[in-house]
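Undergrad: This is the structure alone, sequence omitted:
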């Protein structure tokens, strides 16, 4: 099921792709508001949108941010951020069980980068660009 904000984003991505542009996307899991459905919803969105360059990571709270201060006040910080949100680490205690979060994160990676879904997404990306009329404009160099 795609929610209304997801439908808007999906249509926006497809509109950009129809103009022949490549869309990359960054996706983060581990927010306090995330439920276990976030993993399926992110997989569906990435696959339906044809975003073939999706960077998915676990949320971390960098120092000197509002999130860091909030988590510090809640006594949820557990270590320093590594600066790499794809290394299976978080620097705070998430509301969702960490093992469930990590398993869901890995499910997203497998769900979008396994051979069959990846190429299916790539085909979705290519489909709207196939109808583009390519013109061969004369190149002019100004000196």
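TA: In hand now; what should we look at? Just so we're clear, the structure is a prediction, and the values are computed from it rather than from any experiment.

Undergrad: and the closest residue to residue 53 other than its chain neighbours, how many neighbours?
TA: Taking CB to CB, 6 or more residues apart in numbering, and ignoring the residues beside it in sequence, residue 53 has residue 24 as its nearest neighbour in space, at 4.1 Å. Any C-beta I mention is one placed from the backbone N, CA and C, and that applies to glycine too. Using other CB atoms under 10 Å, the number of residues around residue 24 comes to 9.

Undergrad: So which helix or strand of the chain has the lowest pLDDT on average?
TA: Ranking every helix and strand in the chain by mean pLDDT, DSSP states H and E puts helix 115-129 at the bottom, with a mean of 71.

Undergrad: coming back round to it: how close does the residue nearest to residue 53 sit to residue 93?
TA: Residue 24 sits 30 Å away from residue 93, going by CB to CB, to the nearest Å.

Undergrad: So what does the most centrally placed residue in the chain look like in phi/psi?
TA: Most central residue of the chain, judged by C-alpha distance to the mean C-alpha position with CA atoms, centre = their mean, is residue 27 at 2.5 Å. With angles defined as degrees, to the nearest 10, residue 27 sits at phi -130, psi 130.

Undergrad: Help me confirm that it comes into contact with residue 55.
TA: Yes. In this structure, residue 27 sits in contact with residue 55. The criterion is CB atoms under 8 Å, and the distance is 7.0 Å.

Undergrad: All set now, cheers.
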